[in-house]
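**Q** I would like the atomic coordinates for the input below:
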Amino acid sequence: MSAFVGDFEAKMDIKQRVVLPAAFKRTLEEMGEVRFVAQKDIFENCLKLVPYKVWEEDMEAMRAKLNMFNRQHVQLLRQYQMNTAEVQLDANGRVLIPKRIAELAQLDRDVTFLGVDRYVEVWSTEIYAQQFSGAEALAQLAQEILG
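**A** So this is what the prediction gives:
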């Protein structure tokens, strides 16, 4: 399967549209996909753009672990589905990011796209720079998790 790789800066226009980087457009085409599910990330202050086929696979895996007669399981599914929207590229290669989701992810005019294997994260460029400023943090995580 294709993977999204790299990080790219972009500017969101006044109508909440942003041009998807060309490398990510190619990857989306390789996946045979034309739409994403936009979701506020559950761990970080960013937006996730998940190709629809990947979203369906992830949801199927989640459903397999859930009991729909268990209140906590239903609550998890409900909250996971909150703050999501189906989006697709327009004729100019732009994605319209719903305002409510952009606000939750604290996105402003300057955004950074980050390819994270099967999905794309969209960050406020300012938050992205603060979050990922040190190579030492990566080295520490790699040592703790992989070492």
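
**Q** And the helices in the chain, which stretches?
**A** Counting by DSSP state H, the chain has these helices, from start to end: 22-30, 52-65, 71-81, 99-104, 125-131, 135-146.

**Q** rank the ones you listed by pLDDT, which is bottom?
**A** With a mean of 82, helix 135-146 has the lowest mean pLDDT of the helices of the chain.

**Q** Tell me which of the helices of the chain lies nearest to Asp117.
**A** helix 52-65 (9.6 Å; C-beta to C-beta). C-beta here means a position set from N, CA and C on the backbone, and glycine is covered the same way.

**Q** and that closest one, how far from the chain's centre?
**A** Computed by C-alpha atoms, centre = their mean, to the nearest Å, the chain-centroid distance of helix 52-65 equals 15 Å.

**Q** tell me which residues in that helix are buried?
**A** Tyr52, Val54, Trp55 (16 or more other C-beta atoms under 10 Å).

**Q** repeat for stretch 109-129
**A** Neighbour-count burial for stretch 109-129, counted by 16+ other C-beta under 10 Å, picks out 111-115, 118-125, 127-128.
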